[in-house]
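Chemist: Give the three-dimensional model of this entry:
(2 chains)
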Amino acid sequence: MNRLLTRFVWVGVLVILGVLPASAQRVRWPRESPPPPLLASDVEFPDYQIRRLVNGLQVVYVGAHEQPAVNVRLLVRAGTSSDPVGKVGVAALAGQLLDQGTTSRSAQEIAQTIDSIGGGLGVGAGADLSFVNILVLKDSFDLALSMLSDVARNPMYAQSEIDRRRQQLLSEMQVNYDDTAYISRMVFGRLVYGNHPYGMPHSGTPESLMRIRRDDLVEFHQRHYLPNNAILAIVGDVTAEEAFDGATKTFADWEAADLPTANVAESPPPENRLVIVDKPGAVQTAVRVGHVALPRAHPDYLALDVAIKILGGEGGNRLGSVLRTDRSLTYSASAEIAGRQFGGDFMARTDTRSSATAEVLRLTVDEISRMQRERVSSRELDRAKDYLAGHFPLTIETPNAIAAQVLEAILFGLDLDDLETYPERIKSVTVDDIQRVSRQYLKPGLLSMVLVGDALTFVQDLPRVGFDSYDLIPLTELDFLAVDFLGAADVAEDR
Amino acid sequence: MKPISRGASVLVVTVLLMVAAGVLSPSLKSAVRPPKFDYHVAKLDNGLSVVLSEDHSTPIVHIELWYRVGSKNERPRRTGFAHLFEHLMFKGSQNVQSDQHLSFISGVGGDGNAYTTEDVTVFQQTVPSQYLPLVLWLEADRMATLRIDQRTLDAEREVVKEERRWRYENEPFGLLNEILYDHAFTSHPYKHTTIGSMADLEAASIEDVRDFFETYYVPENATLIVVGDFDTENALQMIEHYFGRVPKAEKSVPREIPKEPRSEGERRVTLEADNWPLPAVVIAHHITYDGHPDAYPLHIASKVLSDGQSSRIHRRLVYDEQMAISAFGQGNLIEDPNLFYAVALVPPGGSPAAAEMALIEELERLKEEPITDEELQRSKNQFARDYVIGRFTNAQKAAHLAHAAVIHDDITTADGEFDIFMNVTKEDVRRVARTYFTDDNRLVMRILPRGSGGRLLRDR
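Modeler: Numbering: from 1, shown residues only, chains lettered A, B, ... in the order given. Purely as a prediction, here's the structure:
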């Protein structure tokens, strides 16, 4: 009787609020709870093998035989963070030019060879590594290995190819400098990492690119591209024997050498600073907020990662709830932690219509503050843990995804046994752990904040929500390498 | 269909490979043949189509629900509605609160998402395999009882407007497709892009929502694809249980789409656009639909022109002559006849006129002389690669099966297209180039940065 009454009242409320079920009159449908799961099966991290050649080259093998394809990938433990001082962009250029000619094959011969077998070839450099990645159908496995060896070990760095690629990069920069996502990422990096190479624009700047000489590339390659500084991964439809035999045959004659000492420059201490890059006419503002966090191998990385996921990741995402679900201020809001070799950062990110910029910045900072100040509820933590632990089988679906996890562990010096125990380790994270790492590592009063958008439409709103000091940089004068972000002759119009 | 074991199918592949390499083209390397799908199809009484494909290699399952409705089904002045509606499908049904659909999925470690194209709206989720009943229940609940109020519609409309700003308006070159298709089409709804216009999004009403739901979100307009770790017979029982109770639609799904008339004469357009850092040149030709016999040689033509660094357009425009920082030519082969278009982004100081001439010359060359034997074989090998690496995950497999079942209305094409591609000849490529890359059927566009002096020159 009571229930019936409740239902009548509820229908009345719906009518008053103008709630009209889209499905009105269509169907009689049971009221019910979601069905229980079926029997779960055990999930184990799939098999893989690791061996080391005499010259120090580590070889990882993951077999998979459903699709007739093989992926061979070489990772060199040096990336843009090893750029020589004053030569930002060397690692990226040295990586990008690997497939543009070797001592025995021209750029076009390499392209024709790979294309004719229906292969794919990718080269480049990230923050802590450089890579060559070749994908072929299984009958071209031998060719893939010899091609990989040639481009990784014998790049020509011909002056004509350097000039061609430099010209392309300069043109691409013209596009990047019009892209709020790119600009905000670069400015955020500089704010968080200062002069540490992690904060530098990884492809360089127009000025730094002009300073790079062929000798810089050759030297970078000679210093870092060494077997005792590299990992080879062979993934797909070959046997372990074929993989290791092929690796030995192809790479045994690659000579080891002494490695340069790693660049361990310190990041500057966090500082509260808001930088606005003015891009007149932009219809949205890119909002990026965060600060320095932890290197990948830090013991607190796992717990902080869970905390940041509650703030803005899958299985949680307070930022998404506040900014998208509750207020329709954005299409996407998230936060993530980047753990690298020598440091790391966390960053909250969203993009919002220009007129809502100040409100969104305030709400974002408030959520970081709340994360640091308040204990999370066990219910909220459980939701995040359920996602992360439950997600484990989805992360081992393809051989490449399996290999990626193994390679990450090797690169960052993590315990390989941790791959198998990830779900258990997630399940053991407590509310106390989250509170401890949030208090210890989140510093809501010392945030690097970047806004890239049409400044005229929102700067006047900022003081009202508590942001009364900022650097305002016109896009036309933006210089990523200057401390004040302004091009040479200009004096900073200060906060 | 009785599934065969994976071991057996690999053996078959190896044998076929040897035959192909030895007999079919002795002088050239031949494409590796990928394994075929094992699948089972069914149809419920209410019209729902079902495709099941077991893969027990990982204890997860992927399900997709394809509704055969996209932006080409939108009424005039309601552009963007199909995509807006896709968002609304996450806003609650009888047993599921607003935004709870994805919470249920992430709560078991799964991933869920959706997308809308010109032709279809697709809802997808991957979960640990024991949660197959949950996702079937969730999808059936919203198919039967979606519940949307005015406030939800208003709120989600703002989110979609932010999506439009983020993906298209604030992104360099983000409006390329919108500009191109608006000029290339006159009557067919491919004239507008899936995201739609701000004004039309604003105009969408709760009556539109109900009408769209009742017209298109019905079992007979949907195809359910399940790929992964499950038992076919059990899955069929569950599908019958959860989806079988969704009533059959009372009216049939409308299928009339305005046809695009033949273009009569070349058109040239020059204009300026916002967020446009460098000049772009676009050459577009109307072509046929996906599944038409001409579609396969057109796909090969795309590969000859722009797959890989040795492809014709990349080699000439980007590498040799450096008249573009990026350039390609490709066919957009979808359900109704669409476009083949070539694009070049011209570097600072470069010549749009030269890039335009080079692109047209490359299209003309396909008409004048046959592609080489090497180019044909290379393209087939590249196709085989795409085919193989496009079938690694359950989600990828589901997409291929669904595409065959929904767009081709023939599930056998999921495997059968491989042979069609392998049998394309040099003469086929020249024939389709001559059929479609004609002067009368050409649109030439130059899209320039705002303020650089572009203006509407001629638009017949």
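
Chemist: Quick check: the residue of the stretch 101-250 of chain B nearest chain A.
Modeler: B:G109 (2.0 Å; CB to the nearest CB). All C-beta atoms are positioned from the backbone trio N, CA, C, and that covers glycine.

Chemist: Could you find the closest non-adjacent residue to whichever residue of the stretch 301-450 of chain A sits closest to chain B?
Modeler: Per CB to the nearest CB, A:G390 is where the stretch 301-450 of chain A lies closest to chain B, at 2.0 Å. Sequence neighbours aside, B:G109 is the residue nearest to A:G390 in space, at 2.0 Å (criterion: CB to CB, 6 or more residues apart in numbering or on different chains).

Chemist: tell me the domain boundaries of the chain?
Modeler: Going with chain A. A:49-251, A:273-477 (automatic domain parsing).

Chemist: ah, I was thinking of chain B
Modeler: B:40-243, B:267-449.

Chemist: Quick one: low-confidence residue ranges for the stretch 251-400 of chain A.
Modeler: A:263-264 (pLDDT under 70).

Chemist: Please enumerate the helices of it.
Modeler: A:301-312, A:318-319, A:357-373, A:378-390, A:399-411 (DSSP state H, counting those that start in this stretch).

Chemist: Tabulate those (CSV), appending distance to B:A354 and mean neighbour count.
Modeler: Formatted as CSV, the helices of the stretch 251-400 of chain A follow (distance: least, CB to CB, whole Å; neighbours: other CB atoms under 10 Å in any protein chain shown):
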stretch, distance to B:A354, mean neighbour count
helix A:301-312, 47, 24
helix A:318-319, 48, 24
helix A:357-373, 42, 21
helix A:378-390, 53, 19
helix A:399-411, 41, 19
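
Chemist: I'd like to know which of the ones you listed lies nearest to A:A107.
Modeler: Of all these, helix A:399-411 sits nearest to A:A107, with 26.5 Å by CB to CB.

Chemist: So which elements touch that closest one?
Modeler: Counting contacts by 3 or more CB pairs under 8 Å, 6 or more residues apart in numbering or on different chains; DSSP states H and E, helix A:399-411 packs against strand A:58-63, strand A:69-76, strand A:230-236, helix A:417-427.

Chemist: now that helix, how far from the centre of its chain.
Modeler: Distance, stretch centre to chain centre, for helix A:399-411: 15 Å (CA atoms, centre = their mean, to the nearest Å).

Chemist: got it, and stretch B:122-140?
Modeler: The chain centre lies 23 Å from the centre of stretch B:122-140; the measure is CA atoms, centre = their mean.

Chemist: Output it as PDB, nothing but the C-alphas.
Modeler: Listed next in PDB are the C-alpha coordinates belonging to stretch B:122-140 (Å, rounded to 0.1, in the frame of the first residue of the first chain):
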ATOM      1  CA  VAL B 122      27.500   2.000 -32.000                       C
ATOM      2  CA  PHE B 123      27.600   1.100 -28.300                       C
ATOM      3  CA  GLN B 124      30.500  -1.000 -27.100                       C
ATOM      4  CA  GLN B 125      31.800  -2.500 -23.900                       C
ATOM      5  CA  THR B 126      34.600  -4.900 -22.900                       C
ATOM      6  CA  VAL B 127      34.300  -6.700 -19.500                       C
ATOM      7  CA  PRO B 128      35.800  -9.700 -17.700                       C
ATOM      8  CA  SER B 129      33.900 -12.600 -19.200                       C
ATOM      9  CA  GLN B 130      31.800 -13.400 -16.100                       C
ATOM     10  CA  TYR B 131      30.000 -10.100 -16.600                       C
ATOM     11  CA  LEU B 132      28.400 -10.900 -19.900                       C
ATOM     12  CA  PRO B 133      24.900 -11.000 -18.300                       C
ATOM     13  CA  LEU B 134      25.400  -7.500 -16.900                       C
ATOM     14  CA  VAL B 135      26.200  -5.800 -20.200                       C
ATOM     15  CA  LEU B 136      23.400  -7.700 -22.000                       C
ATOM     16  CA  TRP B 137      21.000  -6.600 -19.300                       C
ATOM     17  CA  LEU B 138      22.200  -3.000 -19.500                       C
ATOM     18  CA  GLU B 139      21.900  -2.700 -23.300                       C
ATOM     19  CA  ALA B 140      18.500  -4.300 -23.300                       C
END
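
Chemist: what about the strands in the stretch 101-250 of chain A?
Modeler: For the stretch 101-250 of chain A, applying DSSP state E, counting those that start in this stretch gives strands covering A:120-125, A:130-137, A:230-236.

Chemist: Just give the number of residues close to B:E207.
Modeler: By other CB atoms under 10 Å in any protein chain shown, the residues close to B:E207 number 10.

Chemist: That one - that's part of a helix, no?
Modeler: Yes: the assignment for B:E207 by DSSP: H, G, I helix; E, B strand; the rest coil puts it in a helix.

Chemist: Which single residue of the stretch 301-450 of chain B ends up nearest chain A?
Modeler: B:N381 (3.0 Å).

Chemist: helices or strands up against the strand or helix carrying that residue?
Modeler: B:N381 is part of helix B:373-389, with elements assigned from DSSP states H and E. In terms of contacts (3+ CB pairs under 8 Å, 6+ apart), helix B:373-389 is packed against strand A:69-76, helix A:107-116, strand A:130-137, helix B:295-306, helix B:413-422, helix B:426-436.

Chemist: List the buried residues of the last one.
Modeler: Which is helix B:426-436. Using 16 or more other CB atoms under 10 Å in any protein chain shown as the test for burial, helix B:426-436 gives B:K426, B:D428, B:V429, B:R430, B:R431, B:V432, B:A433, B:T435, B:Y436.

Chemist: Could you see whether chain A lies near that helix?
Modeler: No: contact of helix B:426-436 with chain A (CB under 8 Å from any CB of the partner chain) is absent, the minimum separation being 15.9 Å.
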